[in-house]
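In: need a structure here:
(one chain, ligands or ions: 1)
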Amino acid sequence: MQIEQRATSEVAPCATPAPDYTSPDGAVRLYRGDCLDVLPTLEAGSVDCVVTDPPYGISVKGSVHHRQAGRGSRRLDFFDGDEDWPMVSAIVKRAQVQTLRLVNECASAYWFCGHRVFSDLVRVFEEEGYSTRFIVWSKACPAPPPPGSGWSSGAELCVYAYKPGRYFDGAEAPRSNVIVADSYRHGQPGKVDHPTQKPLGLIQTLAQVSCPPDGLVLDPFMGSGTTGVACVRTGRRFIGVEKEPKYFDIAVKRIERAYEDQALFTQ
Ligand SMILES: C[S@@+](CC[C@H](N)C(=O)[O-])C[C@H]1O[C@@H](n2cnc3c(N)ncnc32)[C@H](O)[C@@H]1O
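Out: Numbers count the residues shown, from 1 in each chain. Model prediction:
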């Protein structure tokens, strides 16, 4: 009940603004801005699957560092405000509540998350009548640990939430909830300038398993647009939101490139 009240009070729908990018076939719509401003403008009940990877608060002191070739490491400069963990986690929770208005009865949701926020996401879904499970992304070749931390980060968690009538394509599903995929390395084909780009194959699997062909996938924290590329490649429609202009531009380029690749493939 508490969540229902939050959901209706926080997400009163507003007029829908034009997307900042629309693909020529209209299947991909991208918004440059804060998802907390954009989500209330989207059509209720229109989304078949949420696949998202919100900020983990990785710029927090003592958390992940980026290695620089031959120069040790530095703190990850991710996006403005990422070091303010209470603020980041509050944004993620509000965005989660807002997406509940947008999904239809057969929808599923995948929320990648850091360990600090996992139980918060689960609680909100379960209070709203969803069942939840977890997915693990196991990194085929994890990066060395940040200085002083000891443990390498070889896996990441994802909350999977669904209702009884959910769409689920078992033929596309991996054998278990542990999915092995490699993270991108600098200089690797497909790697773009985003510090936490998710593996395309991993995201593509989730979209194919839980969104029907031609269905609509939403990613309120799309970063470099990996979820959008997965949708173009698999014939799903996509709405993505990204607040950092630099990453938004990368997402547009990647999605345009995915369309060009599709056109070459079908010639
Ligand atoms: C973990 S990254 C997503 C990476 C993405 N999965 C990829 O493969 O590139 C999270 C993204 O959310 C963006 N972000 C943070 N707060 C946001 C907000 N309030 N609205 C929209 N985007 C936001 C960040 O700039 C960052 O690019």
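In: near the ligand, which residues of the chain show up?
Out: Near the ligand, the residues belonging to the chain are 34-36, 53-55, 79, 91, 194, 196-198, 221, 223-224, 226, 241-244, 247 when assessed by Cβ under 6 Å from any ligand atom. The way it works is simple: take the backbone N, C-alpha and C, and place the C-beta from them, glycine included.
In: could you rerun that using 5 Å?
Out: Within the chain, the positions adjacent to the ligand are 34-35, 53, 55, 79, 194, 196-198, 221, 223-224, 226, 241-244, 247 by Cβ under 5 Å from any ligand atom.
In: can you say which of those residues are buried?
Out: Among the residues of the chain next to the ligand, those classed as buried by 16 or more other Cβ atoms under 10 Å are 35, 53, 55, 79, 194, 196-198, 221, 223-224, 226, 241-244, 247.
In: so Asp120 touches Arg94, yeah?
Out: No: using Cβ atoms under 8 Å, Asp120 makes no contact with Arg94, being 11.3 Å away.
In: tell me which residue in this structure sits closest to the ligand.
Out: Here the chain gets closest to the ligand at one residue, Gly223, 2.5 Å apart by Cβ to the nearest ligand atom.
In: span of stretch 228-248 from start to end?
Out: 11 Å (Cα to Cα, to the nearest Å).
In: restricted to helices, list the buried ones among the residues of the chain next to the ligand.
Out: Those of these mapping onto helices are Cys35, Thr226, Tyr247, per DSSP state H.
In: tell me how far the second one lies from Glu242.
Out: Applying Cβ to Cβ, to the nearest Å, the value for Thr226 to Glu242 is 11 Å.
In: do the same with the first one
Out: Spatial separation of Cys35 from Glu242 under the definition Cβ to Cβ is 8 Å.
In: please apply the same query to Gly165.
Out: Look at Gly165 and Glu242: by Cβ to Cβ, they are 31 Å apart.
In: where along the stretch 151-267 of the chain do the strands fall?
Out: Along the stretch 151-267 of the chain, counting by DSSP state E, counting those that start in this stretch, strands occupy 155-162, 178-181, 216-219, 237-242.
In: would you turn those into TSV with mean pLDDT?
Out: Below are those laid out as TSV (pLDDT from 0 to 100):
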stretch	mean pLDDT
strand 155-162	97
strand 178-181	96
strand 216-219	98
strand 237-242	98
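In: nearest to Ala44, of these?
Out: For the strands of the stretch 151-267 of the chain, proximity to Ala44 was assessed by Cβ to Cβ; strand 216-219 is nearest, at 12.2 Å.
In: what comes into contact with that closest one?
Out: Strand 216-219 is touched from outside by 42, 46-53, 99, 102-103, 207, 211, 227-228, 230-231, 236-241, with contacts defined as Cβ atoms under 8 Å, 6 or more residues apart in numbering.
In: same question, stretch 176-186
Out: Contact with stretch 176-186 is made by 69, 133-143, 160, 190-191, 197, 199, 201-202, 205, as judged by Cβ under 8 Å, 6+ apart.
In: swap in 6 Å and give it another go.
Out: Stretch 176-186 is contacted by residues Ile135, Val136, Trp137, Ser138, Lys139, Ala140, Cys141, Lys191, Gln197, Pro199, Gly201, Leu202 when judged by Cβ atoms under 6 Å, 6 or more residues apart in numbering.
In: perfect, that will be all.
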